[in-house]
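Trainee: pasting a predicted model and its sequence here:
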Amino acid sequence: MFEYAPAPESRDIVDIRPSYGLFINGEWVEPQGEERHKTVNPATEEVLAEVAWAGEADVDRAVQAAAKAFPVWSAMPGAERAKYLFRIARIIQERARELAVLETLDNGKPIRESRDVDLPLVAAHFFYYAGWADKLSYAGFGPDPRPLGVAGQVIPWNFPLLMLAWKIAPALACGNTVVLKPAETTPLTALAFADICRQADLPPGVVNIVTGAGETGAALVNHPGVDKVAFTGSTEVGRLIARSLAGTRKKLTLELGGKAANIVFEDAPLDQAVEGIVNGIFFNQGHVCCAGSRLLVQESIAADLLEALKRRLGTLRLGDPLDKNTDIGAINSAEQLAKIRELSEAGEAEGAERWSPACPIPDRGYWFPPTVFTGVAQSHRIAREEIFGPVLSVLTFRTPAEAVEKANNTPYGLSAGVWTEKGSLMLWAASRLRAGVVWSNTFNRFDPTSPFGGYKESGYGREGGRHGLEAYLAV
Ligand code: NDP
């Protein structure tokens, strides 16, 4: 293995304030309560900043600001709204390096990923939906589709700025105004986005950012002034939200958990499949709702594939997320690390065999080595529950029908992968897999033009593409 000299990205480019207020009606305002929380760098446990904790009164203020901005924003010609969105997209591109470093500091993901995946996709989402803003009448939702009003949006910590873009870009393009709550552990890029809204001269109240914890999210989704709720996060909280919104007039989209099968047939190109497996489960430390966390490999090639996979995992570099050579960064929080540990221990206790490459772990921060479980049975918790960490469960199959049956044997239905040289087998499998996204001979590829969303306990509604407009229009 090569030895690499450290190549750290400089953090001087980001200017983190010691303390942040709430972004309401185009202004930074102080919350009514005294409570604040600290956001830390999960790679070092260093406190990065103090962030306001929005209570019900603050959420109310934000929703009212969004409601006041709605008549002006929604009446604006689509071509004018597009200009703001294009401007935001260009500012994001201009500030991409700064935002990538900030994301890596607050989230723990490798800079290579925030720089090369998250930020280009964030800008692409704003560009893409800017393009739709003046073409809504041609989107297939009737001649004069109308926006819904105020969108209350709650996002998780795994792709903080990208999830913000997935939520805010289509909402604004359609003429809605927004109150967004970022996750408690990763608020900083959403707060930087608030500054970008000011830089773009976005009219006050069109975007409002309220920070806080689960209670702030609950106050937002339950606020009577909210017309549309968009949530990405755990199935458990998604269920709570669906329950509390049932019977109200609010429109709801839920993007929840997953336990995707990545199926490798015996004719698959092995080296490519190994790269796809690594990208499927170790990208973003496995903190990916559509992660390929269940590897289903045809028995005839299982031994060869596992050997190649282990060899490849031995070359992954875990450590400083700001180092451009790093493949695996830090786990986002102590709570998430505890959850990954608990499920991994359950895997061992239930009889699966655990393996990790030799991998030095830094002294401070939250870390978990890339881990592979073999001898996994369908009934094991590690095959059924979302671990949301760098942990792969390997199962085998003999026939394509068995592969599809095992892949579909899950309460989730967000994504799947199929590796084969045969187009007919790929299409046969893809048409039988109950998953919102099926990748073939690749994994974890995202594009703003492509709809994304789940079946079953992975949620409902689609984000991205033309389909993503529907969630923000009265159709
Ligand atoms: P949550 O679902 O709790 O968090 C997602 C977002 O919802 C956060 O902004 C959170 O705020 C907010 N929230 C929490 N409770 C409520 C509520 N009652 N009403 C409205 N909003 C609420 O996920 P966690 O961060 O707790 O992660 C737990 C597990 O969920 C993970 O281990 C993983 O398995 C899964 N997960 C799945 C994701 C996906 O994309 N499918 C994304 C994130 C997690 P706050 O962060 O401040 O608590």
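Mentor: Cool, got the structure.
Trainee: from the chain's centre, how far out does the host helix or strand of L48 sit?
Mentor: L48 is part of strand 46-52 when elements are defined by DSSP states H and E. In this view, strand 46-52 has its centroid 22 Å away from the chain centroid, taken as Cα atoms, centre = their mean, to the nearest Å.
Trainee: let me see the mean pLDDT of that strand.
Mentor: Across strand 46-52, pLDDT averages out at 98.
Trainee: relative to strand 46-52, how tilted is the next helix or strand after it?
Mentor: Following strand 46-52 in sequence order, the next helix or strand is helix 56-75 (DSSP H and E). On the basis of axes from the mean of the first three to the mean of the last three Cα atoms, to 10 degrees, helix 56-75 is oriented at 80 degrees to strand 46-52.
Trainee: hmm, who's touching helix 56-75?
Mentor: Contact partners of helix 56-75, identified using Cβ atoms under 8 Å, 6 or more residues apart in numbering, comprise 22, 24-25, 29, 31-33, 52, 54, 81, 146-147, 149-152, 172, 175-179, 203-206, 208, 210, 212, 216, 219-220, 223, 225-226. Where you see a C-beta, it was placed from the backbone N, CA and C, and this is true even at glycine.
Trainee: could you point out which element follows that helix?
Mentor: Scanning onward from helix 56-75 (DSSP H and E), the first element met is helix 78-94.
Trainee: flag every buried residue along that following helix.
Mentor: 78, 81-89, 91-93 (16 or more other Cβ atoms under 10 Å).
Trainee: which one among the residues you listed gets closest to E385?
Mentor: I92 (35.2 Å; Cβ to Cβ).
Trainee: tell me how many other residues crowd the residue nearest to the closest one when sequence neighbours are not counted.
Mentor: Residue nearest to I92 in three dimensions, not counting chain neighbours: A123, with 4.6 Å by Cβ to Cβ, 6 or more residues apart in numbering. By the criterion of other Cβ atoms under 10 Å, A123 has 22 neighbours.
Trainee: repeat that for V237.
Mentor: 19.
Trainee: swap in R198?
Mentor: Neighbour tally, R198, other Cβ under 10 Å: 14.
Trainee: and if you look at D134?
Mentor: 16.
Trainee: over to the one 5 residues further on?
Mentor: As a burial measure, the neighbour count of A139 was computed by other Cβ under 10 Å and equals 16.
Trainee: give me the distance between it and the ligand.
Mentor: Using Cβ to the nearest ligand atom, to the nearest Å, A139 is found at 26 Å from the ligand.
Trainee: could I get the contacting residues of that residue?
Mentor: So A139 contacts 132, 145, 466, 469 (Cβ under 8 Å, 6+ apart).
Trainee: can you tell me the closest non-neighbouring residue to the second one?
Mentor: The shortest distance from P145 to any residue other than its chain neighbours is 4.3 Å, reached at L473 (Cβ to Cβ, 6+ apart).
Trainee: so what pairs up with the one you found in the strands?
Mentor: The partner list for L473 in beta bridges (DSSP bridges) reads P147.
Trainee: could you do E463 as well?
Mentor: With DSSP bridges as the rule, E463 is bridged to F452.
Trainee: burial measure for the closest residue to the ligand within the stretch 251-400 of the chain, as a count.
Mentor: Distance from the ligand to each residue of the stretch 251-400 of the chain (Cβ to the nearest ligand atom) is smallest for C289, at 2.9 Å. Neighbourhood size, C289 [other Cβ under 10 Å]: 27.
Trainee: let's number from 34 now, not from 1
Mentor: In the new count, where the first residue is 34, that last one comes out as C322.
Trainee: now do the SS call for it.
Mentor: Each residue gets one of three states, and C322 gets coil by DSSP: H, G, I helix; E, B strand; the rest coil.
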